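Asks: A predicted structure for the sequence below; I have some questions about it.
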Amino acid sequence: MRPYQVATAAAIALIAAVAMFDSLAAFNPSAGTAPGDVGARWYPFWAAAIMGSAALIVAYRVLTTPQAVEGVFAGRTSIFSVLKLAIPMLVYATLIGGIRWRDGDINYTVIPPLGFYIATALYMGGFAWWIGRYKIWWVVLILVAFPLVIFAAFELGFRVSLPKSFLYDEGILPF
Amino acid sequence: MARRATVALLATALITLTACASPAASPSPTGGGTAAASVQPTHPVEFVISTAPGGGSDVYARIWQGIIETQKLSPQPVQPLNKEGASGAVAFTYIYDHKGDMHYIFVTLNSFFTTIITQKLPYKATDFTPIANLALDPFFLWVNDDSPWKTAQDFVTAAKESSVTVAGTGAKQEDEALFRRIEDTMKLKPFTYISQTSGATVAAALAGHQGGVVATVNNPSEGLPLYSGSQKKLRPLCAFTPSSPTKGVYTGLATCASQGIPIDDYYIMRAVMGPPGLSPQQQAFWVDVFKKVNDSAEWKAKIDEFFLSPDFKSGLEFRQFLSKYQQLHQDIATKFKWVQ
Amino acid sequence: MEIFGQLAGGFATALQPINMAMLFVAIVLGLVIGVLPGLGGTSGVAILLPISLFIKNGALPGSNEVTAIIFLAGIYWGALFGGVITSILFNIPGEPWAVVLLFDGFPLAKRLRRPGLALASSFVSSFVGALVATVLFTFFALPVAERALQFGPAELFAVFVLSFATLIGLGAEAPMKSVAMLALGLLLAAVGFDTITGEQRLNFGQVPLLSGIGFVPVTIGLFGIGEILASAEEQGIGYVEQISARLGLRDVREAFVELGKRIRLVLSNSIIGFFFGVLPGHGATAASFLGYGLARQYSKNKENFGKGEISGIMGPQSAADSAGVASLVPMITLGIPGSPTSAVMMAGLFIWGLTPGPVLFIQHQDFVWGLIASIYLGHLMTFILCLLAVPLLAMIMRVPYAIITPFIIVISIIGSYSLNNSMLDVFITVIFGLIGYWLRKLKYPLAPLVVALVLGDSTERELRKALIAGHGSPLYFFNSPLSTLLMLGALVLVLIPLVRTIRARRRGAVARPAGVAH
């Protein structure tokens, strides 16, 4: 447990240090536009200072007191069961918007945005197939039904727009 | 319907899988590919609003959207979409990222100039495609009803002696711009300016003397709830317009120019713009839609209700207006060191 | 009494068949909107604004502007009740004020396996809160709204300090970790655009970060997704199969008994919530935290909080619902919205051609009193609908793991996206899901982070506005009797537990085992 605790506290302290560095302008004599205003950076600076100090104290305590021997995870299987959930989730979130960027006037596309509906179909279907080990009919039903119901409720019912795919931009699909 | 969607979904799942399989990064040209061919929207349009639901320009955007819907001015639905944050920077950037796509339009007010000037943003106000201005929203100078000041001159006299505490919407936006202009023109002691989150809270701050606020420059419609009736809390001293209002409860209110503050050319624009790079045809489609909105009876009624100055501008005229306001805000920003 | 006559007239208006029908439709819509992630009362009312215009223009036989406002308000009542459902069942806040229900509502539903009781407790306390607020609304709307106007920056800052003070001791097992999390919350709240000076901060030049890090995406991540990851580790059994949802209203009966035991807390929180809701711009969310803090502060078994304590549901929920009703008071009486949702309703009034404010009370009596009467009727309707739905809702927790788990992630993503239509928020949710899972493993308390993130922004803003108004003098906080009183109250609240802990520490220092070993 100890290395994890120390590393986490150190990470928090590092974030605090970055934030404090970004907020150094708090000490400019001209901070704040109106007389009496402490300026935009004062508050984040001191919040970060408190956070950093608290993290350092946590790290110090962890290093100086006896710690439980067991690790953070109960065992290999528990790490895998978390990763089995976390990685598809990250992939799913990435697929919605795709991977693309713009450099000047040129757009680069590695993965075109699949939009919310297609990504959700793949994600829910994939999960039912892989984790649930459902029969293919059930997988197809889940894969179709959930995005369809969400589409009906959001796009048609309440006219709330969720992210669309590149095929929508081309005018091929309604989502 | 359901079956068609199912088939389509399966088909796309296949297409997507093959699309994912091609690993190389491939540059694709910018802009909506099919947009140039057609001059009307082919799927629902996003009408982006840079304030929260219920905020100033939100009301106008929703009124226009309602008129577009009821009169069926657009072949595709126009959906209001709030992208608030950072005094509009979030909304402007969102629009900017949809270059050349006529399915994105947005309602603009003066923060369009001030925010782009004061924030480090990768575009200029003139990059966007102007569509039309529908009205100008005047400013009044307001005081609490119990204030000893009867005219704008009393206010000026007091502000020359010591710093007067005033409130307005946002920092370095239209309200502060006007106050700084007054300060500069009349050689007053710098105002103690307290930024509030919306026009209604600005009026409330004045009505409750919150934080010692003694004056605001609310729009007539923002001040109205607290002005009318027996329990009147606020009172306008003057209007920053060339002539006195001739309709409604404010009839006969003195102009500020007549009381010694020579500012009569500053309004909030209630305008619509599009992303950069719209083709003339695409621009013309929207100009036509908003011209019809402007001519509708509903909008005419709202102009009176909200005490707006009707002022439809498009094309060159609107472009000239935009560059004039751009310059005006640029000057204030430079003078008061709003740009770091 | 003139008021009773007016109220009777209001009921006569509200009870017209068309008004009752639209109220019912609105409440059902509101409940759906509240349950759907990311569609809160605010966006729900905004979405249905165009429909209200049709209603007002007489699209339905006999409908007029009273029908239209009853319709919009009904959506709000539905959303107020419905927003808590996903908080309790999936650890995903449907509405900002339902965030606090993550602390105890979800643990009661999942760990103690009583989803029905958790839901029913929240509904009964919501109902009491709303009822108290409506009575106060009926009799004291105008004078209370006038008083609320006097809350300037100094007074509001004192109110926020007061809310923070009631929450002292959250996560007391690891005080330094709590402090770090609280400061992290304050820091996250500061990211983006500073509204006082219009400067950018902590966004490292990124334009999308200018709108800041919202607390809804963060809490959906920390709690909703964090919890899913944690239960995946428990081999996926965490959620479901063990909860035997009983069809029947036993949970509802029990909730009433529990309410009886806490009636004083619920009533006093409802009254406090009302006054909080009247303060323009602050409303239900802050009230819910204050309600939680008070429930915890005055509870005999503080250690149960965070583990499924019913007071931790009823306390905040009564305050939040009461504040939700109260946020209409300044909107109707002064034309100043008390909450984002009432801001949209006010936009509705403008679009229909009505001007809110004192004049409304004189020129449109049927409108105002019809609305007030509909608040009573609407809440009664919502309450009955919700209670009947409790057994069905509790059944959701029996859906198989391979469906419910991705489904919760899907609705988490919709929820964070549709709040601001921003993919950035989706990634904030996912990343904070991982962070939340990790922090929970290392026993960092998450509640202080969320509280600071929710209240931090407004606290800083009011503090700085007060400093500007007072030209930098801290004495400005004691400028008015009201702010002095509030400040002293906050100081006392901070000092009492501090003194108590120090004393307890001294006494317990000998007996305490070394370190945090377990």
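Replies: Yep, it's here. Residues are numbered from 1 along each chain as shown, chains lettered A, B, ... in the order given.
Asks: From now on I want contacts and neighbour counts done on CA atoms only, so please keep to that.
Replies: Fine.
Asks: Next SSE downstream of the helix or strand that contains residue C:186?
Replies: If you go by DSSP states H and E, residue C:186 is part of helix C:175-190. Counting by DSSP H and E, the next helix or strand C-terminal to helix C:175-190 is strand C:192-193.
Asks: Tell me if that next one is near chain B.
Replies: Yes - applying C-alpha under 8 Å from any C-alpha of the partner chain, one finds strand C:192-193 touching chain B at C:192, C:193.
Asks: Not counting sequence-adjacent ones, nearest residue to whatever residue of the stretch 51-200 of chain C ends up closest to chain B?
Replies: Nearest residue of the stretch 51-200 of chain C to chain B: residue C:152, at 4.0 Å (C-alpha to the nearest C-alpha). Once flanking residues are discounted, residue C:152 sits nearest to residue B:210: 4.0 Å by C-alpha to C-alpha, 6 or more residues apart in numbering or on different chains.
Asks: residues touching residue C:334, list them.
Replies: B:225, B:226, C:145, C:356, C:357, C:358 (C-alpha atoms under 8 Å, 6 or more residues apart in numbering or on different chains).
Asks: List only those of these flagged as buried.
Replies: B:225, B:226, C:145, C:356, C:357, C:358 (16 or more other C-alpha atoms under 10 Å in any protein chain shown).
Asks: nearest to chain A, of these?
Replies: Distances from chain A to those, taken as C-alpha to the nearest C-alpha, are shortest for residue C:356 (27.1 Å).
Asks: Now that closest one. Nearest residue, chain neighbours left out?
Replies: Spatial nearest neighbour of residue C:356, chain neighbours left out: residue C:335 (4.9 Å); criterion: C-alpha to C-alpha, 6+ apart.
Asks: Could you give the number of residues near the one you found?
Replies: 28 (other C-alpha atoms under 10 Å in any protein chain shown).
Asks: And it, how far from chain A?
Replies: Here residue C:335 is placed at a distance of 28 Å from chain A (C-alpha to the nearest C-alpha, to the nearest Å).
Asks: what do you get for residue C:386?
Replies: Separation of residue C:386 from chain A (C-alpha to the nearest C-alpha) stands at 21 Å.
Asks: What helices and strands are in contact with the helix or strand encompassing that residue?
Replies: Assigned by DSSP H and E, residue C:386 belongs to helix C:365-395. On a contact count with 3 or more C-alpha pairs under 8 Å, 6 or more residues apart in numbering or on different chains; DSSP states H and E, helix C:365-395 meets helix C:2-14, helix C:17-35, helix C:65-90, helix C:115-149.
Asks: Show me where the chain has its helices.
Replies: With no chain named, the answer covers chain A. Here chain A has its helices, by DSSP state H, at A:2-22, A:42-64, A:76-97, A:115-130, A:136-151, A:166-169.
Asks: oops, I was thinking of chain B
Replies: For chain B, the helices defined by DSSP H occupy B:2-21, B:56-70, B:89-96, B:111-118, B:152-161, B:174-186, B:199-207, B:220-227, B:280-295, B:297-305, B:315-335.
Asks: Confidence-wise, which of those helices is weakest overall?
Replies: Mean pLDDT across those is lowest at helix B:2-21; the value there is a mean of 41.
Asks: Secondary structure element for residue C:348, which one?
Replies: Going by DSSP H and E, residue C:348 is in helix C:340-352.
Asks: And the contacts of that helix?
Replies: Taking C-alpha under 8 Å, 6+ apart as the rule, helix C:340-352 contacts B:53-55, B:59, B:63, C:41-43, C:45-46, C:49, C:52-53, C:56, C:65, C:69, C:72-73, C:76, C:281, C:327-328, C:331, C:335-337, C:355-356.
Asks: Tell me how chain B divides into domains.
Replies: B:45-136+B:267-335, B:140-259 (automatic domain parsing).
Asks: Between the ones you listed, which one is closest to residue C:164.
Replies: Nearest to residue C:164 among the domains of chain B is domain B:140-259 (22.2 Å), distances taken as C-alpha to C-alpha.
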